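>>> Any chance you could fold what I've pasted below:
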Amino acid sequence: MAVHGNQAHSGLNGSQLHPVLDAPTAHETEAPDLADAVWRGLTQSPKQLSSRFFYDDEGSRLFSEIMHLPEYYLTRCEYEILDTYKTDLLTLFSADNRPFDLVELGAGDGLKTKLLLNHFWNEQANFTYTPVDISKAALDGLVADITQQWPTMAVNPQHDDYFNTLKRLGDRANTDGNNTRLVVLFLGSNIGNFSPTEAVDFYRQIARHLNPGDLVLTGFDLQKHPAIIHAAYNDSQGLTRAFNLNLLRRLNRELGADFDLAAFDHYETYNPENGEARSYLVSEKEQLVKLAALNLSVQFSPGEVIHTEVSRKFSRAGVEHLAQQSGFALTNWFTDGKAYFADVVYQK
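This is a model prediction of the structure:
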């Protein structure tokens with residue numbers, strides 16, 4: 001799965017990390033970004049589809065079920081960490097009695113963040129919650145939920161990409177001379193969906209928009225017994241398989257494709273040497289798939305794969321190296337009781 005909690009990359013403009021290649025414009029499609037990405041992905045070798053397109057309504061519903069599976073430890077572990085250390089986190093965020101702006105990148109439904117918001121609210125902390133997402137519907141739903149639970153909480157939703165929002169907030173702090181600390185949340189092990197080079201570039205871009213003393217809290221899924229990780233992405237109930245195949249169903253609906261879902265299977269692999277869990281869709285036979293909206297036909301051989309996701313798992317040394325490469329210092333390391341997962345604080 002591309003997301004481990006709040007939805008991944010939903011506030012990120014993908015072109016900021018991946019160059020936009022020449023591709024045909026979608027014909028009357030309502031999702032040109034989807035169309036262009038699919039055209040690029042299915043005309044290259046090996047074929048690939050971006051995990052950021054998993055989350056249509058059915059994909060989101062399936063992922064909600066996945067999060068409750070016994071094999072899927074990630075959400076439970078991060079929730080445990082935030083619940084156990086919420087007081088410590090508030091102490092860090094509000095150090096020196098400074099007000100803080102809690103900026104959540106790709107806020108989604110704010111499932112785990114609400115645990116922190118409730119604690120900060122009860123402790124009468126001086127903060128503003130700034131959820132960032134390119135989905136206006138997701139933002140509207142989150143803000144409505146927050147307003148219902150905490151009617152007078154200061155909420156500053158940003159319907160924009162991550163870096164535009166951080167630039168505005170950083171510029172405002174510099175211009176106004178205010179004392180507000182920026183605290184950036186990037187939860188759910190979403191950083192695992194980046195390659196090592198992309199991850200460094202991502203954090204360097206964040207660092208450019210922060211001031212000394214500002215913080216970033218990131219969720220990292222840690223390396224552990226390979227069987228535990230493999231089971232999390234290949235559950236016994238088949239929900240992960242359905243989740244991956246639903247991406248083809250979305251292409252059928254939105255791009256006029258004719259994928260036969262019964263002719264594809266889901267395959268998951270985990271390599272403990274590099275910490276990469278990789279997901280694929282596998283063609284069961286020789287077949288030709290047509291995508292009407294793209295005027296494109298794609299040939300598949302038996303056993304040919306479409307790469308849909310990589311989810312990297314981290315060692316502590318890897319997390320520390322990422323901080324050093326991107327202009328941060330690692331100041332705090334919080335784990336669940338089994339040390340399966342870590343929420344890590346970087347300081348600018």
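
>>> ok, then the element right after the longest helix belonging to the chain?
Of all the segments assigned as helix in the chain under DSSP state H, the longest by residue count is helix 239-255. Read in the C-terminal direction, the helix or strand following helix 239-255 is strand 264-271, with elements assigned using DSSP states H and E.

>>> quick one: average confidence on the helix or strand following that next one?
For strand 264-271, the succeeding helix or strand toward the C-terminus, using DSSP H and E, is strand 276-283. Averaged across strand 276-283, the pLDDT comes to 97.

>>> partners of strand 276-283, with directions?
strand 264-271 (antiparallel), strand 305-312 (antiparallel) (DSSP bridges).

>>> Skip ahead from that strand and say which helix or strand is next.
Taking DSSP H and E as the definition, the helix or strand right after strand 276-283 is strand 287-291.

>>> what helices or strands is that next one leaning on?
When contacts are defined as 3 or more CB pairs under 8 Å, 6 or more residues apart in numbering; DSSP states H and E, strand 287-291 sits against strand 296-300. In this view, the C-beta of every residue, glycine as well, is placed from N, C-alpha and C.

>>> Enumerate the positions of the strand it packs on that are buried.
Leu296, Val298, Phe300 (16 or more other CB atoms under 10 Å).

>>> cool, stretch 99-112 as well?
When burial is assessed from 16+ other CB under 10 Å, stretch 99-112 yields the following buried residues: 100-112.

>>> Pick out whichever of those sits closest to Thr218.
Minimum distance to Thr218 across these is 9.7 Å, recorded for Leu105 (CB to CB).

>>> hang on, that closest one packs against Tyr162?
Yes - under the criterion of CB atoms under 8 Å, Leu105 lies in contact with Tyr162, with a separation of 4.9 Å.

>>> Compute the number of surrounding residues for the closest residue to Ser279 other than its chain neighbours.
Excluding the flanking residues, the one nearest Ser279 by CB to CB, 6 or more residues apart in numbering is Glu309, at 4.3 Å. In terms of burial, Glu309 registers 24 neighbours under the definition other CB atoms under 10 Å.

>>> From Tyr233, how far off is Glu309?
Look at Glu309 and Tyr233: by CB to CB, to the nearest Å, they are 9 Å apart.

>>> which sections of the stretch 51-200 of the chain are below the confidence cut-off?
For the stretch 51-200 of the chain, residues meeting the criterion pLDDT under 70 lie at 171-177.

>>> Please, where are all the strands along it?
Taking DSSP state E, counting those that start in this stretch as the criterion, the stretch 51-200 of the chain carries its strands at 100-105, 127-133, 158-159, 181-186.

>>> so which of those gets nearest Leu42?
Taking CB to CB as the measure, the strands of the stretch 51-200 of the chain were each checked against Leu42, and strand 127-133 came out nearest at 27.4 Å.

>>> List the buried residues for the closest one?
With burial defined by 16+ other CB under 10 Å, the residues of strand 127-133 counted as buried are Phe127, Tyr129, Thr130, Pro131, Val132, Asp133.

>>> Do you know the pLDDT at the residue nearest to Lys167 when sequence neighbours are not counted?
Sequence neighbours aside, His209 is the residue nearest to Lys167 in space, at 5.0 Å (criterion: CB to CB, 6+ apart). Here the pLDDT value assigned to His209 is 89.

>>> what sits against Asp145?
Asp109, Gly110, Lys114 (CB atoms under 8 Å, 6 or more residues apart in numbering).

>>> Just the ones of these in helices?
Cross-referencing these against helices under DSSP H gives Lys114.

>>> Need the contacts of Asp145 in a markdown table (columns: distance to Asn122).
Formatted as a markdown table, the contacts of Asp145 follow (distance: CB to CB, whole Å):
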| residue | distance to Asn122 |
| --- | --- |
| Asp109 | 21 |
| Gly110 | 17 |
| Lys114 | 12 |
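
>>> so which of the contacts of Asp145 would you say is closest to Leu247?
When these are compared for distance to Leu247 (CB to CB), Asp109 comes out closest, at 20.3 Å.

>>> Tell me how far the closest one lies from Val103.
Computed as CB to CB, the Asp109 to Val103 distance reads 17 Å.

>>> what's the answer for Lys86, then?
Lys86 sits 18 Å away from Val103, going by CB to CB.

>>> Check Val143 too.
Val143 sits 15 Å away from Val103, going by CB to CB.

>>> Let me know the closest of the contacts of Asp145 to Asn271.
Looking at the contacts of Asp145 and their distance to Asn271, the nearest is Asp109, at 31.3 Å (CB to CB).

>>> Surely that closest one touches Ala138?
Yes - if you go by CB under 8 Å, Asp109 and Ala138 touch, sitting 7.0 Å apart.

>>> on that earlier part again, can you pick out the most distant pair from the buried residues of stretch 99-112?
Using CB to CB, these span at most 22.2 Å, a distance reached by Phe100 and Asp109.

>>> ranges for the helices of this protein?
With DSSP H as the criterion, the chain has helices spanning 32-42, 57-66, 74-84, 86-93, 113-122, 136-149, 162-176, 196-208, 226-232, 239-255, 316-326.

>>> Redo these as CSV? Include distance to Asp343.
Supplementary listing: the helices of the chain in CSV, determined by distance: least, CB to CB, whole Å:
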stretch, distance to Asp343
helix 32-42, 30
helix 57-66, 20
helix 74-84, 5
helix 86-93, 8
helix 113-122, 11
helix 136-149, 20
helix 162-176, 19
helix 196-208, 15
helix 226-232, 18
helix 239-255, 24
helix 316-326, 11
